[in-house]
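Trainee: Kindly generate the corresponding structure for this input.
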Amino acid sequence: MEEGEQQWKGVKSAIEDPEEARVIYCALDSFVQYARIAHFNCTHLRRQSFYALPEAHWKMLAAPPFNYLDTLDKVDDAIESNAELARAIVRVGLVNFQPQDVTHGSEPTIPPRWRGCAKRLDIDKARSTLRQFYRDWSAEGKSEREICFGPIFRALEAQKESRPKDAPPMRVLVPGAGLGRLVFELCAKGYVAEGNEISYHQLLASSYILNCVEKPGQHTIYPWIHTFSNHSTRDNHLRKYAIPDVHCANELTRLEEEGVAIGDMSMTAADFLCLYTEDYQAEAWDAVACVFFLDTAPNLIRYLETIFYCLKPGGLLINHGPLLWHFENNAPGGHGHNDDDGDYDTTGIADPGSFELSDDEVMALVTKVGFEIVSRETSVESPYLLDQESMLQTVYKASSWVARKPHITA
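Mentor: Below is the predicted model of the structure:
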């Protein structure tokens, strides 16, 4: 972005806490390792299995119309294309986090003590983050975004129309902001939007895509290459997508030149439960927009109490998502950290204890915490990173609802 343009500072410029440094460099290192691990899992092992076949069989598959070895070569090329995005994310992350000269086009350099520190879960998150660019920052992902963002925009617009004409822009908090697309869209619609995210994989990637890409379509990703199952055609297996579909700074500038009142956007990198129970966050927000977020709670009561605390009287909690409880299969107290992390914090999301509710029980809990239900729609078909051409189609039937903090609370 040019000087003076809006930037979302998704990451800090210095690392003071040793544990935070470990988490950040594990995330950075996982993006560095993405290509090596993907090549090994996706093509190297398959070549070994391929040549273990009877010679007549592998020769049959190597020839038209199958050209199986050519397919593996194309998957290798696709992995490298994904890796270009991963390396760009690392390069920017290194510039932000350590005072070294990392020039455009150079290989990222992890400090020696952190090289190879990423664990399997970190590398899985890197791969998942790269795939998520399809949903959040490709033109083809727009249909998925519209299903989830639409209820948010409609509820906010209705709330805005009920306010005085001279009221300041509404302040909207987006916990679990991910790659930042919803925060950007809210800013473009004139809201003061703040994203909150605890995952450094997401923070590093969102910072790059919002602040550092030079043009739309700068990168090409192949989200479906990591599995060879349920592909109707090989062309679909190797389908590519240009990202981002929009250059954020240029789009906001265009809107301003057309006389559209844009808002502002920012990001916090912190535990939602810890940051938004601070004194200065009390009754600070006009709305909290949750998209595929509430089911990340080990203790949903804590989430709802925090949202209630930081909402202004009359403020809205807008939710859209399923109930894929993220910590359902964790051992008691085993959330917010990895099993081999050693000593770890037990505050915020890492508080001990967890439970899972059904959708009707969630609604009962929302009212028990003090909210008033404004509207509710169930079984809203909501795909998430869905390959529309796949032979396996998994679509959530999401719960979409709006709740209000009473104007007068007990």
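
Trainee: Tell me which residue is most central in the protein.
Mentor: Gly178 (2.6 Å; CA atoms, centre = their mean).

Trainee: pLDDT weak spots in this structure?
Mentor: 1-16, 98-108, 331-348, 409-410 (pLDDT under 70).

Trainee: quick one: the helices in it?
Mentor: 18-39, 45-51, 55-62, 68-97, 120-137, 142-161, 181-188, 200-211, 234-237, 248-257, 272-275, 300-310, 359-369 (DSSP state H).

Trainee: List the buried residues in the fifth one.
Mentor: Using 16 or more other CB atoms under 10 Å as the burial criterion, the residues of helix 120-137 that qualify are 122-123, 125-127, 129-137. Yep, even glycine has a C-beta here, placed from its N, CA and C like the rest.

Trainee: what does the third one give?
Mentor: The neighbour-count criterion (16+ other CB under 10 Å) identifies Trp58 as the buried residues of helix 55-62.

Trainee: and if you look at the longest one?
Mentor: Taking 16+ other CB under 10 Å as the basis for neighbour counts, the residues of helix 68-97 that come out buried are 68-69, 71-72, 74-76, 78-79, 82-83, 85-97.

Trainee: same deal with the last one?
Mentor: Within helix 359-369, the residues scored as buried using 16+ other CB under 10 Å are Asp359, Val362, Met363, Val366, Val369.

Trainee: pull the CA atoms of that helix into CSV?
Mentor: Listed next in CSV are the C-alpha coordinates belonging to helix 359-369 (Å, rounded to 0.1, in the frame of the first residue of the first chain):
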residue,chain,number,x,y,z
ASP,A,359,-28.9,-25.6,18.8
ASP,A,360,-32.1,-25.2,20.8
GLU,A,361,-30.1,-25.3,24.0
VAL,A,362,-27.8,-22.6,22.7
MET,A,363,-30.8,-20.3,22.1
ALA,A,364,-32.0,-21.0,25.7
LEU,A,365,-28.5,-20.1,27.0
VAL,A,366,-28.5,-16.9,24.9
THR,A,367,-31.6,-15.7,26.7
LYS,A,368,-30.3,-17.0,30.1
VAL,A,369,-27.3,-14.8,29.8
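
Trainee: Helix 300-310 and that one, what's the angle between them?
Mentor: Compare the direction of helix 359-369 with that of helix 300-310 by axes from the mean of the first three to the mean of the last three CA atoms, to 10 degrees and you get 40 degrees.

Trainee: Ok, the fifth one next?
Mentor: In this structure, helix 120-137 runs at an angle of 50 degrees to helix 300-310, with the same axes, to 10 degrees as the basis.

Trainee: And the residue nearest to the centre of the chain, how far from Pro406?
Mentor: Going from Gly178 to Pro406 by CB to CB, to the nearest Å gives 30 Å.

Trainee: Throw the helices of the chain into TSV and include distance to Glu377, thanks.
Mentor: Output for the helices of the chain, formatted as TSV (distance: least, CB to CB, whole Å):
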stretch	distance to Glu377
helix 18-39	36
helix 45-51	44
helix 55-62	49
helix 68-97	35
helix 120-137	21
helix 142-161	8
helix 181-188	19
helix 200-211	27
helix 234-237	32
helix 248-257	30
helix 272-275	25
helix 300-310	19
helix 359-369	11
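
Trainee: who wins for proximity to Ala289 among those helices?
Mentor: helix 142-161 (4.7 Å; CB to CB).

Trainee: And the contacts of the closest one?
Mentor: 135-136, 170, 172, 181-182, 185-186, 189, 191, 245, 286-287, 289, 291-292, 316, 318, 320-321, 374-375, 377, 380-386, 398, 400, 402 (CB atoms under 8 Å, 6 or more residues apart in numbering).

Trainee: These, buried ones only, as a ChimeraX selection?
Mentor: To isolate the buried ones among these in ChimeraX, judged by 16+ other CB under 10 Å, type:
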select :135,136,170,172,181,182,185,186,189,191,245,286,287,289,291,292,316,318,320,321,380,382,383,384,386,398,400,402
